[in-house]
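Peer 1: sharing a sequence plus its predicted fold:
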Amino acid sequence: MSLVASPAPGALSAAARVAGPGSSVASVSPLTGGAHASTFLVRTTNPDRDLILRQFEAGDPAADDEARALRIIDTAGGLAPRLLARSGDAPDTTPWVLISRMPGTADIRPADPHRAARQLGETLARLHSAECGSSPQLQTVFERRGRRTRLSGPAASVVDALWHTTIAAAPLVLTHGDYQSGNVVWSGDRLTGVVDWEGAARGPAGYDLSWCRFDLYLLYGEPVADTCLRAYREAGGLVHDPYPWDLWTLARSHRSVETWVPNYRDLGRTDLTAAELRRRHTAWTTDLLRRHEG
């Protein structure tokens, strides 16, 4: 996928309009991280405001998906940005969304990974308790992402066997869809917000939790992933047995894990090469399947 190199003129006009009468765009700076959208920090003057522009390839429905999700979740209690404008309101062929800036920056190299994992777990429990998770305007995970077509690898048959009794039977909550270390922002060592909401849906809590756990496993290993689980439970999270959900994550990511290299590289983890991501994916799959058999 080739991301858009420069911001759409309509997006910059919208930024000045949103900032207030007489405002103008003072600067536009690209932000690193994420392979799905080009992201820019847009600064205005008179008044001074910082806005975030997320821009997608022509024809990509993600801009519409994110705009719809942000309207429905309405900041999710302050954990998500607010939608300010979208490309449908301007004559651009490039789809984009203009959103409020969450305080902080992305950071997948914290000084204390366990502390970061605790906050990831606590924040996810808050999101899963949001009232907007019951909104019929949100599609379900199963409607958006399907089922068997995305399962592959050694864990797929186990997940398929557990589908009706465990996965499809779980209560539905607000799910982010890609909740992991690269999609949250930090101010110092405090998690301040969750970004990239185009995948939001109603889904089982384990869909988000185990996706986050797998990301932490890739970054730091299983003890840190388990810290996230404990914090999530202590904060009132709904998942008690993580193994079916961990296996679902591994079956969903089996084909694609090597493609995550740019996401980690852009945020400073150059050690996570395609070969290393595959090795870690295989190691956790083997370990979890052995436990499941036991």
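Peer 2: Thanks, I have it. Residues are numbered from 1 along each chain as shown.
Peer 1: what's the closest non-adjacent residue to Asp266?
Peer 2: Sequence neighbours aside, Thr32 is the residue nearest to Asp266 in space, at 4.4 Å (criterion: CB to CB, 6 or more residues apart in numbering). For the C-beta atoms, the positions are set from N, CA and C on the backbone; glycine is no exception.
Peer 1: pLDDT score assigned to that neighbour?
Peer 2: Listed pLDDT for Thr32 reads 77.
Peer 1: that one touches Tyr264, doesn't it?
Peer 2: No. Counting by CB atoms under 8 Å, no contact exists between Thr32 and Tyr264, whose distance comes to 11.4 Å.
Peer 1: out of those two, which sits in the more crowded spot?
Peer 2: Taking Thr32 and Tyr264 together and counting by other CB atoms under 10 Å, Tyr264 has the greater number of neighbours (22 against 12).
Peer 1: what sits closest to that one if chain neighbours are left out?
Peer 2: Counting by CB to CB, 6+ apart, Tyr264 lies nearest to Leu272, which is 4.3 Å off, once chain neighbours are set aside.
Peer 1: ok, how many other residues are close to Asn207?
Peer 2: Slight slip there: residue 207 is Tyr, not Asn. Count around Tyr207 with other CB under 10 Å applied: 26.
Peer 1: quick one: it from Thr94, how far?
Peer 2: 30 Å (CB to CB, to the nearest Å).
Peer 1: and for Asp60, the neighbour number?
Peer 2: 17.
Peer 1: and what of Glu122?
Peer 2: For Glu122, the count of nearby residues is 17 (other CB under 10 Å).
Peer 1: what's the answer for the one 3 residues further on, then?
Peer 2: The criterion is other CB under 10 Å. On that basis, Ala125 has 21 neighbouring residues.
Peer 1: now it: which helix or strand?
Peer 2: Taking DSSP states H and E as the definition, one finds Ala125 inside helix 113-128.
Peer 1: give the other helices and strands that that helix contacts.
Peer 2: On a contact count with 3 or more CB pairs under 8 Å, 6 or more residues apart in numbering; DSSP states H and E, helix 113-128 meets strand 172-175, strand 184-187, strand 190-194, helix 205-220, helix 222-234.
Peer 1: what about the longest helix in the chain?
Peer 2: In the chain, taking DSSP state H as the definition, the longest helix is helix 274-293.
Peer 1: what lies in contact with it?
Peer 2: Residues external to helix 274-293 that are found in contact with it (CB atoms under 8 Å, 6 or more residues apart in numbering): 153-155, 158, 214, 217-218, 222, 243, 246-247, 250, 253-254, 257-258, 260-261, 264.
Peer 1: what is the mean pLDDT for the helix or strand harbouring Arg71?
Peer 2: Secondary structure here is read from DSSP H and E; on that basis Arg71 sits in helix 62-73. Mean pLDDT, taken over the full extent of helix 62-73, equals 94.
Peer 1: how about stretch 164-183?
Peer 2: 95.
Peer 1: just the endpoints, please. Distance across it?
Peer 2: Stretch 164-183 stretches 30 Å from its first residue to its last (CA to CA, to the nearest Å).
Peer 1: any regions of the protein where pLDDT drops low?
Peer 2: Low-confidence regions of the chain, defined here as pLDDT under 70, cover residues 1-4, 33-35, 89-92, 145-149, 294.
Peer 1: picking up where we left off before, so can I have a markdown table of the helices and strands packed on helix 113-128 showing distance to Ser23?
Peer 2: Below are these laid out as a markdown table (distance: least, CB to CB, whole Å):
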| stretch | distance to Ser23 |
| --- | --- |
| strand 172-175 | 33 |
| strand 184-187 | 24 |
| strand 190-194 | 24 |
| helix 205-220 | 37 |
| helix 222-234 | 41 |
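Peer 1: about what we covered before: among the contacts of helix 274-293, which lie within helices?
Peer 2: Within the contacts of helix 274-293, membership in helices is found for Val158, Phe214, Tyr217, Leu218, Glu222, Tyr243, Asp246, Leu247, Leu250, Ser253, Val261, Tyr264, as judged by DSSP H.
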